[in-house]
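Undergrad: turn this into a model:
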Amino acid sequence: MVTRVAVSWINGAPYLLVSTLSQHTKALSANPACSLLLGEPGTKGDPLTHPRLTLQCKAEPADKTKLRDTWLTNHPKAKLYYDFADFQIFHLKVNIGYLNGGFGKAFHLTADDLT
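TA: Predicted coordinates for the structure are as follows:
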């Protein structure tokens, strides 16, 4: 399952706020193995020439109440839905990463490389 979600970096790790009503959250609950693609193509040129980072992760439920203030500092508009009962936070535990800086600029990264 691939989808666009909001990401917060908390203590150097990625976290997601997702609804348990969504298909992607159901997929994470069934199998916590996931990946996160980071990077935005520029407005000009071939999107494949722009850098992006793919992280292979394991999603673990996190304490939504404890992370509330931090999440809302990073995503103030989420105040509209953060406290809805169907929303939960996942911590993505990064295993490895693949950095692609454009054509001919690809690198395999370990979790230690990413810290």
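Undergrad: all helices of the chain, in order?
TA: 23-30, 64-74, 111-114 (DSSP state H).
Undergrad: same list (these) but as a markdown table, adding distance to Lys105.
TA: Any C-beta I mention is one placed from the backbone N, CA and C, and that applies to glycine too. Below are the helices of the chain laid out as a markdown table (distance: least, Cβ to Cβ, whole Å):
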| stretch | distance to Lys105 |
| --- | --- |
| helix 23-30 | 30 |
| helix 64-74 | 29 |
| helix 111-114 | 15 |
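Undergrad: can you give me how far stretch 82-100 is from the chain middle?
TA: Centre-to-centre, stretch 82-100 and its host chain are 5 Å apart (Cα atoms, centre = their mean, to the nearest Å).
Undergrad: next, count neighbours for Leu16.
TA: For Leu16, the count of nearby residues is 22 (other Cβ atoms under 10 Å).
Undergrad: apologies, that question was intended for Ala62.
TA: By the criterion of other Cβ under 10 Å, Ala62 has 18 neighbours.
Undergrad: can you name the residues bridging to it?
TA: Beta-bridge pairing of Ala62 under DSSP bridges involves Ile89.
Undergrad: and the helix or strand bottoming out on mean pLDDT in the chain, how far out from the chain middle?
TA: Lowest by mean pLDDT, DSSP states H and E among the helices and strands of the chain is helix 111-114, with a mean of 81. In terms of Cα atoms, centre = their mean, the centre of helix 111-114 is set 16 Å apart from its chain centre.
Undergrad: contacts for that helix, please.
TA: For helix 111-114, contacts defined as Cβ atoms under 8 Å, 6 or more residues apart in numbering pick out Leu55, Val94, Asn95, Ile96, Gly97.
Undergrad: how about those residues in JSON lines, adding pLDDT and neighbour count?
TA: Formatted as JSON lines, the contacts of helix 111-114 follow (pLDDT from 0 to 100; neighbours: other Cβ atoms under 10 Å):
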{"residue": "Leu55", "pLDDT": "94", "neighbour count": "21"}
{"residue": "Val94", "pLDDT": "93", "neighbour count": "20"}
{"residue": "Asn95", "pLDDT": "93", "neighbour count": "14"}
{"residue": "Ile96", "pLDDT": "94", "neighbour count": "15"}
{"residue": "Gly97", "pLDDT": "94", "neighbour count": "20"}
